[in-house]
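K.L.:
what follows is a predicted protein model with its sequence.
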Amino acid sequence: MANIGYIQVVRHCNHLCGFCSNPTTPYTHTFETMKVLVDDLVDRDYFGVILTGGEPTLHPELPRICRYARERGLHVRMITNGTRLADGAFARELADAGLQLVHVSIYSVRPEVEAQLRGSEGTLARALGAMDAAHAAGIEVNVNCVINKLNAAHLDENVEHYLEHHPYVRHFVWNNLDPSMGRAEVNQAQFTPRLIDFEASLHRALSLLQASGRTFRVEKVPLCYMVDFAWASTETRKIVKGEERVVHFLDAKQTVRQTDWEHIYSEACEACTLRTICGGLFDRGNGYDPRELYPVFVSRDTIVRAILEDPHDPSFRYRSLTEWQEDFDRRCHETLAGAHATRPAPHEPDERPQGERLVSVGVVTEQSRRKFEAKREAEARRARALGIAMERDVEPTEPEPPGG
Ligand code: SF4
């Protein structure tokens, strides 16, 4: 199976999105503390790593950790807002260091909407420039998009733009907004969409991508809002294949191993033929309305077969539906029946020991705490000017002793 792990390289950013779910913390990484996390993913026999943030290009050791991860045999990827990557020399440096794939995050190809969502002017041109710079440097380019209230009605307009101006992009990732954490939690009224707001434009966007031979994944969207493309749901694919995901959070959560997708279901789901392979509604932040869910009556096996037989996915291991069904029944019996019946607890920390101990994610020092406080003050001033609320205070963390 092709498990991919996430390492949050930094938690600060040069943008100020009103729905950022992973804002600044006092935690910081050195090369050595990141190296331990790369080793952890290798020990878990993971296929690849996604370096993320905050904005990962702001860490001075990013090329070095790319090189190390590549040398350890991981497929090396990064999620970025593109502002720094638009510099061609920097893109080449990362390519030389071993970066293989970049997800450039763009919410809207309408410059004024992108600027409003990013809390910064001029970001769209830089992000589009980053796509070209990465492509010229030999890095594969994907586009990530967070679905939110301001772009919900024109997702297909984004696709039209990429197909015309950046035809080398072959893969797209759509993430419905996570209203549970960070600034997303406190700015729900401004940014959290209703499911119905994006249903039609997402369908048009995915239809365009499919017709043009592109591939795509969709996260945190219940299958009833993407039923024609249910095989592209990240959660459904992971449920079908029994995959997990490890995230090394650069905050008090530390390492989280996600095997249950922590989504919720409504009464309507009980009548739905896709219930056992649907992630349901991701709503730990109470930002969505479960009454928007409605049962669908399509063939579950057709969707499972599309996933198992996907020629673009190197991770599938079941050759037949019958073989899959036996394994799935066993897994359902063990986990899904109980874990998905009620609303699950928030993220549980990973309890898998590495040798004798858990890996620790980053450190908090006196210096990192002072920098954090200065950044947070500056961000609060920007947030006031933008009319968005700042995230709740992070839980206090004592600095660790040097080398601790
Ligand atoms: S009704 Fe529930 S189980 Fe069915 S597709 Fe919608 S969210 Fe999924």
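P.N.:
Now that the structure is in, tell me what you want to look at.

K.L.:
wait, a strand at Glu114?
P.N.:
No: when classified by DSSP: H, G, I helix; E, B strand; the rest coil, Glu114 is found to be helix rather than part of a strand.

K.L.:
residue contacts, the residue of the stretch 51-200 of the chain found nearest the ligand?
P.N.:
Proximity of the stretch 51-200 of the chain to the ligand (Cβ to the nearest ligand atom) peaks at Leu195, 9.4 Å away. Bear in mind the C-beta positions are built from the backbone N, C-alpha and C, glycine included. Applying Cβ atoms under 8 Å, 6 or more residues apart in numbering to Leu195 gives the contacts Val221, Pro222, Tyr225, Tyr288, Asp289, Glu292, Leu293.

K.L.:
tell me the confidence at it?
P.N.:
On pLDDT, Leu195 comes in at 97.

K.L.:
then Arg352?
P.N.:
pLDDT, Arg352: 52.

K.L.:
for Lys220, give me the backbone phi and psi.
P.N.:
In terms of degrees, to the nearest 10, the main-chain angles of Lys220 are phi 70, psi 20.

K.L.:
an error on my part: the question was meant for Arg381.
P.N.:
phi -60, psi -40.

K.L.:
residue contacts, it?
P.N.:
By Cβ under 8 Å, 6+ apart, Arg381 lies in contact with nothing.

K.L.:
same question for the one 4 residues further on.
P.N.:
With contact taken as Cβ under 8 Å, 6+ apart, Ala385 is in contact with no other residue.

K.L.:
sorry, back to before: so which pair among the contacts of Leu195 is furthest apart in space?
P.N.:
Largest separation among the contacts of Leu195 by Cβ to Cβ: Val221 and Asp289, giving 14.5 Å.

K.L.:
neighbour-wise, which of these two wins?
P.N.:
More neighbours surround Val221 than the other of Val221 and Asp289, with 25 against 13 (other Cβ atoms under 10 Å).

K.L.:
wait, the more buried one sits on Trp174?
P.N.:
Yes: in this structure Val221 lies within contact range of Trp174 using Cβ atoms under 8 Å: 7.3 Å.

K.L.:
what touches both of the two?
P.N.:
Common contacts of Val221 and Trp174 (Cβ under 8 Å, 6+ apart): Ile147, Leu202.

K.L.:
in stretch 381-388, which residues are buried?
P.N.:
Of all the residues in stretch 381-388, those buried under the rule 16 or more other Cβ atoms under 10 Å are Ala383, Ile388.

K.L.:
next: stretch 43-62.
P.N.:
Neighbour-count burial for stretch 43-62 [16+ other Cβ under 10 Å]: 46, 48-59, 61-62.

K.L.:
how about stretch 198-218?
P.N.:
So for stretch 198-218, counting by 16+ other Cβ under 10 Å, buried means 198-199, 201-206, 208-209, 214, 216-218.

K.L.:
related to what we said a few turns ago, which of the contacts of Leu195 count as buried?
P.N.:
Val221, Pro222, Tyr225, Tyr288, Glu292, Leu293.

K.L.:
pick out whichever of the residues you listed sits closest to the ligand.
P.N.:
Nearest to the ligand among the buried ones among the contacts of Leu195, with distances taken as Cβ to the nearest ligand atom, is Pro222, at 3.5 Å.

K.L.:
mind listing the helices for the stretch 101-250 of the chain?
P.N.:
111-118, 123-136, 155-165, 182-186, 188-191, 195-211, 234-241 (DSSP state H, counting those that start in this stretch).

K.L.:
okay, the ones you listed in TSV with distance to Arg369 next?
P.N.:
Shown next, in TSV, are these (distance: least, Cβ to Cβ, whole Å):
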stretch	distance to Arg369
helix 111-118	27
helix 123-136	29
helix 155-165	39
helix 182-186	19
helix 188-191	29
helix 195-211	39
helix 234-241	35
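
K.L.:
quick one: which of those is nearest Glu366?
P.N.:
helix 182-186 (24.4 Å).

K.L.:
pull the distance from that closest one to the chain's centre.
P.N.:
Relative to its parent chain, helix 182-186 has a centroid offset of 16 Å by Cα atoms, centre = their mean, to the nearest Å.

K.L.:
what's the separation between Asp393 and His15?
P.N.:
As defined by Cβ to Cβ, to the nearest Å, Asp393 lies at a distance of 21 Å from His15.

K.L.:
now do Ala136
P.N.:
Separation of Ala136 from His15 (Cβ to Cβ): 23 Å.

K.L.:
next: Val304.
P.N.:
For Val304, the distance to His15 - Cβ to Cβ - is 39 Å.

K.L.:
how about Pro63?
P.N.:
Separation of Pro63 from His15 (Cβ to Cβ): 22 Å.

K.L.:
equivalent analysis for Phe172, please.
P.N.:
Taking Cβ to Cβ, one finds Phe172 at 20 Å from His15.

K.L.:
the more surrounded of these two?
P.N.:
Comparing Phe172 with His15 by other Cβ under 10 Å, the one with more neighbours is Phe172, at 23 against 19.

K.L.:
these two touch, right, the more buried one and Leu209?
P.N.:
Yes: with contact defined as Cβ under 8 Å, Phe172 and Leu209 form a contacting pair (6.0 Å).

K.L.:
overlap in contacts, the two.
P.N.:
In terms of Cβ under 8 Å, 6+ apart, Phe172 and Leu209 are both contacted by the residues Val159, Thr215, Phe216.

K.L.:
beta partners for the second one?
P.N.:
Beta-bridge partners of Thr215, counted by DSSP bridges, are His171.

K.L.:
who's in contact with it?
P.N.:
Counting by Cβ under 8 Å, 6+ apart, Thr215 touches Arg170, His171, Phe172, Leu209, His312.
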